[in-house]
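Enquirer: predicted model follows, preceded by the sequence.
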Amino acid sequence: MAEFFHMGGYAFYVWSCYGIAALVISGLAWQSLRDWRVQSSLAEELEKAAGGRVRRAADAGQQGEKT
Amino acid sequence: MSLSAAQRFHAYANPARFMALSGRLLAPLWVAALFTIAVGLWFALFNSPPDYQQGETVRIMYVHVPSAWLAMFGYAVMAFASAIALIFRHPLADVAAKSAAPIGAAFTFLALVTGSLWGKPMWGTWWEWDARMTSVLILLFLYLGYMALWATIEDPLRAARAAAVLALAGAINIPVIRYSVVWWNTLHQPASVFRMDGPTIAPSMLLPLAIMAIGFTLLFLALHLVRMRAEIMRRRVRALRLARASSGEA
């Protein structure tokens, strides 16, 4: 096991590589999922507050010229 | 009900339809990505041989190479979506382009950092201003410039057009990265997987590399869908706020 972590003397390079990759990827995933939660709950709140008329207007605006 | 090709094309542009479809796809996509990466890591760390020249540092490859591929894949997605946005005005296209940028930038950053961590023990240097490394650094700056453009132009329609033009102009860098190891004399090794005459890498190393590459790609797609969904919601919030402001005035 110690030999495994030792990585033939290159432990620093190999484990830094895997550690930084794990950090960057999980950070990006966390930030993306949080953004989704924040934006969708904001949208829900605004829709509830606005009622039907404004929601229809917003939908029309978002969907462009769809016929 | 029969739709023309153009009508079908625009039917998929409907955010409601995209939201329903992506909502169903996301959970299986996350599971597949995490499972594939777990299997890939097991091969990469426990069940693949050290290299006869590079020893255990070869394990850096299983993170470095998939990151570098996705750095370029992300830019290809961004440039393609930007072209669709400019030509067809497809409403989802600039959402797709904008959402791909931070993911591509993250993988470009990882390719550079892991390359540096591999270069120090094997080449004796953290960094060299050679063609491959310099062109990938330019890729990172293109991503950051693209994201900065979105952040600085307030009107989403104008931001989308300016950013799309930048993305397309910068696409010239992708073949430069690909062929940099052929056109110039570089420290970086030439391609060993996607070659005309087949891979030159040992099968015992190709297997973990392929699994990690598939896992990273699935992860990219999952992150891309999450970011696209968040961006669509951001636009909905903006539309609702504008609607509220104008109905308040009336």
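Expert: Looks like it came in fine.
Enquirer: now for the helix or strand where A:Glu47 lies, which elements pack on it?
Expert: A:Glu47 belongs to helix A:11-50 when elements are defined using DSSP states H and E. In terms of contacts (3 or more C-beta pairs under 8 Å, 6 or more residues apart in numbering or on different chains; DSSP states H and E), helix A:11-50 is packed against helix A:52-63, helix B:61-88, helix B:93-123, helix B:203-249. In this view, the C-beta of every residue, glycine as well, is placed from N, C-alpha and C.
Enquirer: how does it look with 7 Å?
Expert: helix B:61-88, helix B:93-123, helix B:203-249 (3 or more C-beta pairs under 7 Å, 6 or more residues apart in numbering or on different chains; DSSP states H and E).
Enquirer: looking at those, which is nearest to chain A?
Expert: helix B:203-249 (3.6 Å; C-beta to the nearest C-beta).
Enquirer: next, the angle from that closest one to helix B:93-123.
Expert: Interaxial angle, helix B:203-249 versus helix B:93-123 (axes from the mean of the first three to the mean of the last three C-alpha atoms, to 10 degrees): 140 degrees.
Enquirer: tell me the angle helix B:203-249 makes with helix B:61-88.
Expert: Going by the same axes, to 10 degrees, helix B:203-249 makes 40 degrees with helix B:61-88.
Enquirer: buried ones in the helix holding A:Glu47, by neighbour count?
Expert: A:13-14, A:16-18, A:20-21, A:24-25, A:28-29, A:31-32, A:35-36, A:39-40, A:42-43, A:46-47, A:50 (16 or more other C-beta atoms under 10 Å in any protein chain shown).
Enquirer: before we move on, the earlier item: now the helices and strands packed on helix A:11-50 in a markdown table, with mean pLDDT, distance to B:Phe194 and mean neighbour count?
Expert: A markdown table is the format used below for the helices and strands packed on helix A:11-50 (pLDDT from 0 to 100; distance: least, C-beta to C-beta, whole Å; neighbours: other C-beta atoms under 10 Å in any protein chain shown):
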| stretch | mean pLDDT | distance to B:Phe194 | mean neighbour count |
| --- | --- | --- | --- |
| helix B:61-88 | 97 | 9 | 22 |
| helix B:93-123 | 96 | 16 | 23 |
| helix B:203-249 | 92 | 11 | 19 |
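Enquirer: so which of the ones you listed comes closest to B:Trp129?
Expert: helix B:93-123 (12.4 Å; C-beta to C-beta).
Enquirer: quick one: name the residues of chain B near chain A.
Expert: Proximity of chain B to chain A (C-beta under 7 Å from any C-beta of the partner chain) is limited to residues B:10, B:14-15, B:50, B:55-57, B:59-60, B:63, B:91, B:102-103, B:106, B:109-110, B:113-114, B:117-118, B:120-121, B:219, B:223, B:226-227, B:229-230, B:233-237, B:239-241, B:243-244, B:247.
Enquirer: any idea how far B:Leu137 is from the residue lying closest to B:Val77 once chain neighbours are set aside?
Expert: Here the nearest residue to B:Val77 in space, its sequence neighbours aside, is B:Ala100; by C-beta to C-beta, 6 or more residues apart in numbering or on different chains that works out to 4.5 Å. Counting by C-beta to C-beta, to the nearest Å, the gap from B:Ala100 to B:Leu137 is 19 Å.
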